[in-house]
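J.: generate coordinates for the sequence data below:
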Amino acid sequence: MQEEDTTGEEPTGDERGLLRDFRRYLTSIAGLSERTVTAYMTDLERFREWAGAALADCFTPDDLRGFIRHEVARGLAPSSVSRAIASLRGFGRWLMTHRDAGSNPAILLTIPKRKKLLPSFLGIGEAVAVIESFAGDGALSIRNRAMLEVLYGAGLRAAELASLGVADLDAGSGIVRVVGKGRKARVVPVTGQACRWVERYLSVRQDLVRPGDADAGYLFVSVRGRKLDPRDVRRIVASGVRRAARAAGATPHTFRHSFATHLLDRGADLRAVQDMLGHSSLSTTQIYTHLTPERLREAYARAHPRGED
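T.: All right, here's what the predicted structure looks like:
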């Protein structure tokens with residue numbers, strides 16, 4: 001198979017059905033987010049176009065390896081190459097389970113080693129500066145302040161924050177019920193400050209749901225009473241970051257990183273933080289043990305026999 005950019009034929013009706021069934025599986029059974037499903041399908045389509053043949057004909061070890069070599073050669077980032085391999089492996093597993101394929105040749109693909117990057121996080125003062133940049137008595141200002149308080153107070157992903165229902169945050173108990181990746185539900189404590197701002201927001205939320213507008217019951221809604229998109233959350237955070245220059249470059253996920261880092265820095269148990277973040281593996285949470293210099297010095301002073309001298 002030639003390793004150059006090609007545009008394959010349009011998928012046949014049978015292949016369109018195959019791809020449609022796989023997408024339905026990723027969404028309904030595997031429970032992947034729409035963003036992840038789209039990425040998987042894009043990877044498959046890119047492989048099919050590169051091969052210039054139907055997936056059933058080109059899903060072979062040689063073609064799969066050739067495609068990955070091509071992706072690496074054109075400068076695709078290691079993280080994107082790894083995701084493409086995951087997409088192809090996932091498709092191969094699905095073929096075995098749902099289309100009686102005898103094997104999954106994609107398991108032979110080698111995932112490139114990636115340099116581990118420590119997650120960026122804000123200092124406590126920087127996080128507070130962004131949160132408190134949302135001032136004002138209007139419904140939108142109060143909504144935005146409440147959103148940032150919950151985002152940082154519970155360590156949520158942007159999509160999780162946008163999907164919260166009014167009944168999901170129990171201010172009296174100080175907990176929020178979250179449905180995360182893979183549709184896994186978890187319960188996370190939330191700060192009293194966040195609860196107070198949510199209660200204040202709920203008192204003006206009706207100002208955003210105009211008469212005649214459908215109210216689907218989401219906690220944070222748009223000016224038309226509709227569910228916010230994760231992109232809206234990112235835009236709102238960005239507006240606060242612009243006003244708090246110390247936090248330049250921060251995103252909703254930066255607040256999630258900050259939530260985990262600040263908890264661990266102040267002595268929280270790693271497994272408890274794992275549960276709060278909704279990580280299925282402790283190794284994912286361990287990345288947040290990128291100890292700050294202050295915590296390193298404190299640990300050294302406590303543990304070394306001459307550390308306090």
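J.: so what does the longest helix belonging to the chain touch, helix or strand wise?
T.: As assigned by DSSP state H, the longest helix anywhere in the chain is helix 78-98. Helix 78-98 is packed against helix 13-24, helix 34-51, helix 61-73, with contacts defined by 3 or more Cβ pairs under 8 Å, 6 or more residues apart in numbering; DSSP states H and E. No exception for glycine: its C-beta is placed from N, CA and C like everyone else's.
J.: distance to residue 158, mean pLDDT and mean neighbour count for those - can I get that in a markdown table?
T.: Listed next are the helices and strands packed on helix 78-98 as a markdown table, based on distance: least, Cβ to Cβ, whole Å; pLDDT from 0 to 100; neighbours: other Cβ atoms under 10 Å:
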| stretch | distance to residue 158 | mean pLDDT | mean neighbour count |
| --- | --- | --- | --- |
| helix 13-24 | 23 | 87 | 14 |
| helix 34-51 | 11 | 93 | 18 |
| helix 61-73 | 28 | 91 | 17 |
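J.: out of those helices, the one nearest residue 87 is which?
T.: The minimum distance between residue 87 and those falls on helix 34-51, with 3.7 Å, by Cβ to Cβ.
J.: helix or strand right after the closest one?
T.: The first helix or strand that comes after helix 34-51 along the chain, using DSSP states H and E, is helix 55-58.
J.: how far off centre is that next one?
T.: Offset of helix 55-58 from its chain centre (Cα atoms, centre = their mean, to the nearest Å): 32 Å.
J.: helices or strands up against that helix?
T.: Secondary elements touching helix 55-58 (3+ Cβ pairs under 8 Å, 6+ apart): helix 13-24, helix 34-51.
J.: show residues contacting it.
T.: 1, 15, 18, 19, 44, 47, 48, 51, 52, 91 (Cβ atoms under 8 Å, 6 or more residues apart in numbering).
J.: hmm, try it at 7 Å
T.: Residues from elsewhere that reach helix 55-58 (Cβ atoms under 7 Å, 6 or more residues apart in numbering): 15, 18, 48, 51.
J.: check stretch 215-232 too.
T.: 143, 147, 158-159, 161-162, 164-166, 168-169, 205, 208-210, 213.
J.: for the residues you listed, which single residue is the most surrounded?
T.: Most neighbours among these, by other Cβ atoms under 10 Å: residue 147, with 30 neighbours.
J.: who's in contact with it?
T.: By Cβ under 7 Å, 6+ apart, the neighbours of residue 147 are 161, 220, 233, 236.
J.: helix or strand right after the helix or strand hosting it?
T.: Assigned by DSSP H and E, residue 147 belongs to helix 139-154. Following helix 139-154 in sequence order, the next helix or strand is helix 158-163 (DSSP H and E).
J.: tell me the mean pLDDT for that next one?
T.: In this model, helix 158-163 has a mean pLDDT of 95.
J.: how far off centre is it?
T.: 10 Å.
J.: what's in contact with the helix or strand that that helix is followed by?
T.: Reading on from helix 158-163 to the C-terminus, the next helix or strand found by DSSP H and E is strand 169-170. Strand 169-170 has contacts (Cβ under 7 Å, 6+ apart) with 176, 190, 198, 219.
J.: repeat the analysis, applying 6 Å as the threshold.
T.: 176, 198 (Cβ atoms under 6 Å, 6 or more residues apart in numbering).
J.: that one pairs with which strands?
T.: strand 175-179 (antiparallel) (DSSP bridges).
J.: look at residue 116 and report its pLDDT.
T.: On the pLDDT scale, residue 116 gets 60.
J.: make that residue 7, sorry
T.: At residue 7, pLDDT is 38.
J.: equivalent analysis for residue 257, please.
T.: 91.
J.: look up how far residue 155 lies from it.
T.: Distance of residue 257 to residue 155, given as Cβ to Cβ, to the nearest Å: 9 Å.
J.: out of the two, which sits in the busier spot?
T.: It is residue 155, of residue 257 and residue 155, that has more neighbours when counted by other Cβ under 10 Å, with 25 against 21.
J.: which non-adjacent residue is nearest the more buried one?
T.: residue 259 (3.4 Å; Cβ to Cβ, 6 or more residues apart in numbering).
J.: one more: residue 41?
T.: residue 23 (5.8 Å).
J.: gap between the one you found and residue 107?
T.: 22 Å.
J.: buried residues in stretch 240-251, which are they?
T.: By neighbour count on 16 or more other Cβ atoms under 10 Å, the buried set for stretch 240-251 is 240, 241, 244, 247, 250.
J.: closest to residue 61 among these?
T.: For the buried residues of stretch 240-251, the nearest to residue 61 is residue 250 (43.8 Å; Cβ to Cβ).
J.: quick one: low-confidence ranges for the stretch 151-300 of the chain?
T.: For the stretch 151-300 of the chain, applying pLDDT under 70 flags the ranges 245-247, 290-300.
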